[in-house]
Structures are given as structure tokens and as C-alpha cells.
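In: return a 3D structure for these sequence lines:
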Amino acid sequence: MRFGTREVATTGKLHGKPAIIIHGRRDALVFPNLHSRAYYALNQVEERRKSQLSYVEVTTGQHFDAFISSLFFGATGVQFAPLHYYFVQAMDSMYAHLTGGGTLPPSQVVRPTPRGVQLYTPANVATLLPPMRQSPAAADRISFEDGVLSIPE
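Out: Residues are numbered from 1 along each chain as shown. Model prediction:
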């Protein structure tokens, strides 16, 4: 049993490999505190300054984003923003990093606006779904200092 436990234990060690975690703060099934936040903090403890892990938390996101477009939530409309939008940005950033030395986005909170009853269109996506930033505002930076993970509200 000890051997099996060691095989599945999370170490937080990525051995300097680049990675990006995208997590929705409003996920009611995969809680950020018990999953992504904890893993990010463990990685920071284990790898410190050598870590290439970026953690992006989407305030109005949750992991069932594939169903968001097909569900209507009464008069207020859709209350979640699609995480897949940020997944695509993360994959583009990772591809640029691996093929041309591009910079991965720093750890940050992203604050999209759910679409409500309107559809996402090319005209409103930039306003409703702000991109991950290479230089996020101080109020949106996720940090890990002296063993403390700080995530802005």
C-alpha cells in the first residue's frame, strides 16, 4: 500500500517544465482551493524560482463551459464565462514559448463578464472576455512569497 500511495502522490515537481493551469473560481465541483491553488503552492515550495508554472484563475469560470452556450438561465442569462477561451490562449502562449521562446503569462486573476442573454460576437468578445495579460495589474497578480499564496479577490 505504501508503494501504491507513493506512485500516485502529488509532488508538485515539474522538473522545470513549463505548464499553465487555468481554473474557474466559480467551479462547484472542482474547487480551486483543493486543487489548482494547492498544486500551484506546492510547486512553488518545491521548485521556487526555477518554476515555470503559471496559474490563471478565471473569476466567473467553471469547468462545464462546453454546456454554457446551450443553456439559458432565465431572465439573467448565462452566469459563467467560457474557460475554453482561456485554454486556447494558454495553448497559443505555450506554443509560442516552446517554438520561439515566447514568454508564458504570469500567474494572474482574469475577470471576464458573463454574456448574460446576449451571444458572444466578434464585436463584444474583447470587452466581455479580457485576455490574459503579460503584465497584469497589481490587483490581479497571483503571488507566492514566504510560503503564502496570495490570490486577489
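
In: remind me, longest helix of the chain?
Out: Secondary structure of the chain per DSSP state H: the longest helix is helix 83-100.

In: buried residues, that one. List them.
Out: 83, 85-86, 89-90, 93-94, 97 (16 or more other CB atoms under 10 Å). Where you see a C-beta, it was placed from the backbone N, CA and C, and this is true even at glycine.

In: who are the packing partners of the next helix or strand after that helix?
Out: Sequence-wise, the next helix or strand downstream of helix 83-100 (DSSP states H and E) is strand 108-110. On a contact count with 3 or more CB pairs under 8 Å, 6 or more residues apart in numbering; DSSP states H and E, strand 108-110 meets strand 53-58.

In: could you dump the strand it packs on to PDB, C-alpha only?
Out: These are the backbone C-alpha positions of strand 53-58, laid out as PDB (Å, rounded to 0.1, in the frame of the first residue of the first chain):
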ATOM      1  CA  LEU A  53       4.200  27.100 -13.800                       C
ATOM      2  CA  SER A  54       1.700  29.800 -14.500                       C
ATOM      3  CA  TYR A  55      -1.600  29.800 -12.600                       C
ATOM      4  CA  VAL A  56      -4.600  31.700 -14.200                       C
ATOM      5  CA  GLU A  57      -7.800  31.900 -12.200                       C
ATOM      6  CA  VAL A  58     -10.900  33.000 -14.100                       C
END
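
In: tell me the angle that strand makes with helix 83-100.
Out: 160 degrees (axes from the mean of the first three to the mean of the last three CA atoms, to 10 degrees).
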